[in-house]
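1. prediction below, plus the sequence it came from.
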Amino acid sequence: MTVRVQEQDFDVGKELSELTKGNHAIGGLAVFVGLVRDHVGIQGGGGSEISAMTLEHYPAMTDKMLAKIEAEARERWPLEASLVIHRHGRLEPGDRIVMVAAASSHRQAAFEACEFLMDWLKTKAPFWKLEETDKGALWVDARDSDDTAAARWSKRDPDAAE
Amino acid sequence: MKLLYFSWLKTKTGRAEEDVTPPQEVATVGELLSWLEGRGPEFADALADRAAIRVAVNQTYAKPGDPIGPNDEVALFPPVTGG
């Protein structure tokens, strides 16, 4: 029910308490928090190091898309509450980038909706990462594995890429 | 028509946004991209790989055949990498 795009950090515990406060129909709460990694590529596979990244976004569309993704999740699962927070601006390794939470009477809907929210967010919400690496600043390429993950949920997906 | 560029499309074209008035026969997203390509080497370079370009019309994903009009906000960007 809540979507927020912001530059500042967030407090995961506080957000979760707020989200479920007063709603005793909730029996399960699933949460995902994404952090900035300090390396590109496969671990130990000779990737380059990341000193920081800057997240650019398209504000008018971000709000619209995140609201759409959340509405879709609520249509597919019986959710009591949901939350999406995404940061933009410059972030350093260890910083929180994104938080997604889904609450339902039972755990299965909460787990599934949480995964769905992240999978669709990663392939649809207009954010772009510019990584500062030891080889210079590089725009991150989209990953096929993210498309595959998002396609798991595809019964109908009007925004799927051509 | 307002155009917005993000990520490396902004870097390659050297602009974040601009107002353009394409000729009347430019009526779809695909035709707009072709017209933009002819505006100069930086556009030809930025738009060379069509598969790497996503387009949104009025903040909604659009396909090459979708119509565009003078009052639309059209955004060009690579596949998204948030999360």
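-> That came through, no problem. Numbers count the residues shown, from 1 in each chain, chains lettered A, B, ... in the order given.
2. what about whichever residue of chain A sits closest to chain B, how many residues nearby?
-> Residue nearest to chain B within chain A (CB to the nearest CB): residue A:127, separated by 2.6 Å. C-betas here are computed from N, CA, C, even on glycine. Neighbour count of residue A:127, defined by other CB atoms under 10 Å in any protein chain shown: 27.
3. helices along the chain, start to end?
-> Using chain A. Secondary structure of chain A (DSSP state H): helices at A:12-20, A:59-76, A:107-124, A:144-151.
4. wait, chain B was what I had in mind.
-> For chain B, applying DSSP H gives helices covering B:8-13, B:29-37, B:41-46.
5. need the contact list for the nearest residue to residue A:138 once chain neighbours are set aside.
-> Excluding the flanking residues, the one nearest residue A:138 by CB to CB, 6 or more residues apart in numbering or on different chains is residue A:131, at 5.4 Å. For residue A:131, the contacting residues are A:40, A:50, A:52-53, A:137-140, by CB atoms under 8 Å, 6 or more residues apart in numbering or on different chains.
6. and the pLDDT at residue A:131?
-> Note for residue A:131: predicted pLDDT of 94.
7. do you know how far it is from residue A:54?
-> Separation of residue A:131 from residue A:54 (CB to CB, to the nearest Å): 8 Å.
8. enumerate the residues of chain A near chain B.
-> Contact residues (CB under 8 Å from any CB of the partner chain) of chain A with chain B: A:34, A:55-58, A:60-61, A:64-65, A:86, A:97-98, A:118, A:121-130, A:139-142, A:146, A:158-159, A:161-162.
9. only whichever of those residues are buried, select them in ChimeraX.
-> The buried subset of the residues of chain A next to chain B, as determined by 16 or more other CB atoms under 10 Å in any protein chain shown, is captured in ChimeraX by this line:
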select /A:34,55,56,57,58,61,64,65,86,97,98,118,121,122,123,124,125,126,127,128,129,130,139,140,142,146,159
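10. in chain B, which residue sits closest to chain A?
-> residue B:82 (2.6 Å).
11. I figured that residue was touching residue A:87, is that so?
-> No. With contact defined as CB atoms under 8 Å, residue B:82 does not count as touching residue A:87 (9.7 Å).
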